[in-house]
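A.B. asks: okay, here's the prediction I keep looking at, along with the sequence it came from:
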Protein chains: 2
Amino acid sequence: MRSVEEMVRVLRQRGLRITPQRRAILELLASDASHPTAEELFRRTREKLPDISRMTVYSTLGELVSMGELVEMRTDVEGVGRYDPNTDSHHHLLCLRCRSLVDIPARPGGVHISVPDALGYRIVRSQVTLYGYCPACQRAEG
Amino acid sequence: MRSVEEMVRVLRQRGLRITPQRRAILELLASDASHPTAEELFRRTREKLPDISRMTVYSTLGELVSMGELVEMRTDVEGVGRYDPNTDSHHHLLCLRCRSLVDIPARPGGVHISVPDALGYRIVRSQVTLYGYCPACQRAEG
DNA sequence: ATGGATGCAAAGGGTTTGCAGACGA
DNA sequence: TCGTCTGCAAACCCTTTGCATCCAT
């Protein structure tokens, strides 16, 4: 995700208002690489704005997603939506024990993906998620 | 997924009983490459067994998943779980318009994935899903 | 016959909807 | 001021849980 000020400008260009609630959500997203859920963002915004409602969080996330400034994602093993401020092409790594989700750069030494001819489909996006156990959880479990 | 008879044998080996409900679910899964949801399987089993309950479907799917005979998956854009009888390594292609989900073979000319060193994670499974528009929906939308 | 499986009901989590009142532009 | 945004409540969908009854073995 871009900086908070860039995002504010983008929202204004679209005719959307900058409320304290929206600003708080943007500030959290701009500094969060943990792929938080709506509930986590709700809990954290409430620390600054105790009266914010869950619904405002969902609504703002929905706006950002439809604007293409935020990506909604899910994993195979979780029903909840997670929100990814990183709109560049990259992949994901989920720890099946602690449920932490981290980014993998798309190219350098990481995962490589190529689609020569996907059955005539016009591809607009790809999702690559690896499931495993992070170093800390490997030590903890043995 | 293996044939129905193979699955019946596997279930018996695990001490599980072969009820008409379970057999009906196995029969549907063995001949279904559409990655159905629990609700779709419930609806289709009810055509043969009108008194089957949704809960029996969930329960049987859960058994098969925990046995590794069935894979539960989700896409970025859907909250529901889908069930994949194909436990071989392969990838997926989702049409964002009609929501049909098809398999892509893992290797021949399709997607290639390699993980030299995934940040010290021990990888146990990978998920690759491409999002786009199928040929029929491209024609329909233009 | 006996313990696992079924089906019902209810509860649970995540998300969406409808609307009166509040407030950013 | 005006039109959007907020927050509440309720509803919705998907899934899980608890339990009495049933039935495959």
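C.D. replies: Here it is on my side, so go on.
A.B. asks: list, one by one, the residues from chain A near DNA strand C.
C.D. replies: A:12, A:17-20, A:37-39, A:54-55, A:58-59, A:62, A:79-81 (Cβ under 7 Å from any atom of the strand). (C-beta placed from N, C-alpha, C; glycine too.)
A.B. asks: now the lengthiest helix in chain A: mean pLDDT?
C.D. replies: What stands out as the longest helix in chain A, according to DSSP state H, is helix A:54-66. Mean per-residue pLDDT for helix A:54-66: 97.
A.B. asks: how about the residues of chain A near DNA strand D?
C.D. replies: Counting by Cβ under 7 Å from any atom of the strand, chain A sits next to DNA strand D at A:15-17, A:19, A:21-22, A:49, A:51-53, A:55-56, A:59-60, A:79.
A.B. asks: and the helices in chain A, which stretches?
C.D. replies: Assigned by DSSP H, chain A shows helices spanning A:4-13, A:20-30, A:38-48, A:54-66, A:135-141.
A.B. asks: closest to chain B out of these?
C.D. replies: Chain B lies closest to helix A:135-141 among those, at 4.2 Å (Cβ to the nearest Cβ).
A.B. asks: tell me the centre residue of chain A?
C.D. replies: Chain A has residue A:84 as the residue nearest its centroid, 1.3 Å off, counting by Cα atoms, centre = their mean.
A.B. asks: quick revisit: can I get the buried part of the residues of chain A next to DNA strand D as one PyMOL selection?
C.D. replies: For the buried members of these, the matching PyMOL selection, counting by 16 or more other Cβ atoms under 10 Å in any protein chain shown, is:
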select buried, chain A and resi 21+22+52+56+60
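A.B. asks: ok, the residues of chain A next to DNA strand D vs residue A:33, which is closest?
C.D. replies: Residue A:33 lies nearest to residue A:60 out of the residues of chain A next to DNA strand D, by Cβ to Cβ, at 19.0 Å.
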